[in-house]
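1. Model the following, please.
(2 chains)
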Amino acid sequence: MIGIATLLAYALLAIGGFCAVVGAIGLMRFPNYFVRLHAATVAVIGGSVIPLLGLAIYSLSIPAGWDERALYFSNALIIAALIVLTSPVGTHAMARAAHRAGVPVEPKVCDKLEEASR
Amino acid sequence: MMLTYFAIPLVAAILMLMYRAVAGPTIPDRVLAIDSSTSLLCALMVLFAIMYGVYLLLVVAVALALLSYIGTLVLAKYLEGRSVGE
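-> Residues are numbered from 1 along each chain as shown, chains lettered A, B, ... in the order given. The predicted structure follows:
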């Protein structure tokens, strides 16, 4: 008999695996760096934070002592919070540095940062 | 065990990101691919820790999440005053 919490954890893990593969395909196939940043957000937030939340729910129902389950639960939540807080900051800094270093925006439609910094 | 099947898409995504890290035309592409694969590796490490009951891997995952953030910021500051040859 499979509980409702385990089923929810499996659903979150499946969504996370799907988002990870979709984000990785986008990072392989997209044309330039600033479009690839978009796919990398899908890969990080969808593919890493959502499975961590699912693992936090899953770890409450494993056959172990309550202290070990609490360890898994709290650590999964802490890592998810760390990734949510730090990934946008790193991505933003990297995008700004890449634009300033002159990474080409190849199929260019609109570049407001270049017009503003001219 | 059911968790094994959920490790397969994460490993496949990390392999595809490694392709981008090797073949990326510019340096920010490589940094981005390695940063994303580090986040995915954190989730994979927590999954393996729960699957095999090795709770020391959780400490490694926390350290890896913090270290990838610091590495990305340092490389961004390094790239800011420098033009990428293309």
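2. Provide the contact partners of stretch A:28-40 at residue level.
-> A:22-27, A:91, A:94-95, A:98-99, A:103-107, B:16, B:19-20, B:26, B:28-29, B:32-33, B:35-36 (Cβ atoms under 8 Å, 6 or more residues apart in numbering or on different chains). In short, each C-beta sits where N, CA and C put it, glycine included.
3. Leaving out sequence neighbours, find the closest residue to the residue in chain B positioned nearest to chain A.
-> Chain A sits closest to B:Pro9 of chain B, with a gap of 3.3 Å, by Cβ to the nearest Cβ. In this structure, B:Pro9 finds its nearest non-sequential neighbour in A:Gly17, 3.3 Å apart by Cβ to Cβ, 6 or more residues apart in numbering or on different chains.
4. which residues touch A:Tyr10?
-> A:Gly54, A:Tyr58, B:Met2, B:Phe6.
5. Which two of the residues you listed have the greatest separation?
-> Distance extremes for the contacts of A:Tyr10: the farthest pair is A:Gly54 and B:Met2 at 11.7 Å, using Cβ to Cβ.
6. Just want to know which of these two has more residues nearby.
-> Higher neighbour count among A:Gly54 and B:Met2: A:Gly54, with 26 against 12, using other Cβ atoms under 10 Å in any protein chain shown.
7. Does that one touch A:Gly17 like I think?
-> No - A:Gly54 is not in contact with A:Gly17 according to Cβ atoms under 8 Å; the separation is 9.9 Å.
8. Is any residue of stretch B:25-34 near chain A?
-> Yes - judged by Cβ under 8 Å from any Cβ of the partner chain, stretch B:25-34 comes into contact with chain A through B:Thr26, B:Pro28, B:Asp29, B:Val31, B:Leu32, B:Ala33.
9. Would you mind confirming that the residue nearest to B:Pro9 makes contact with B:Thr4?
-> No - between A:Gly17 and B:Thr4 there is no contact under Cβ under 8 Å: 11.9 Å.
10. Now do the same contact list for the closest residue to chain B within chain A.
-> In chain A, the residue that lies nearest chain B is A:Gly17 (3.3 Å; Cβ to the nearest Cβ). Residues in contact with A:Gly17, defined by Cβ under 8 Å, 6+ apart, are A:Gly47, A:Pro51, B:Phe6, B:Ile8, B:Pro9, B:Leu10, B:Ala13.
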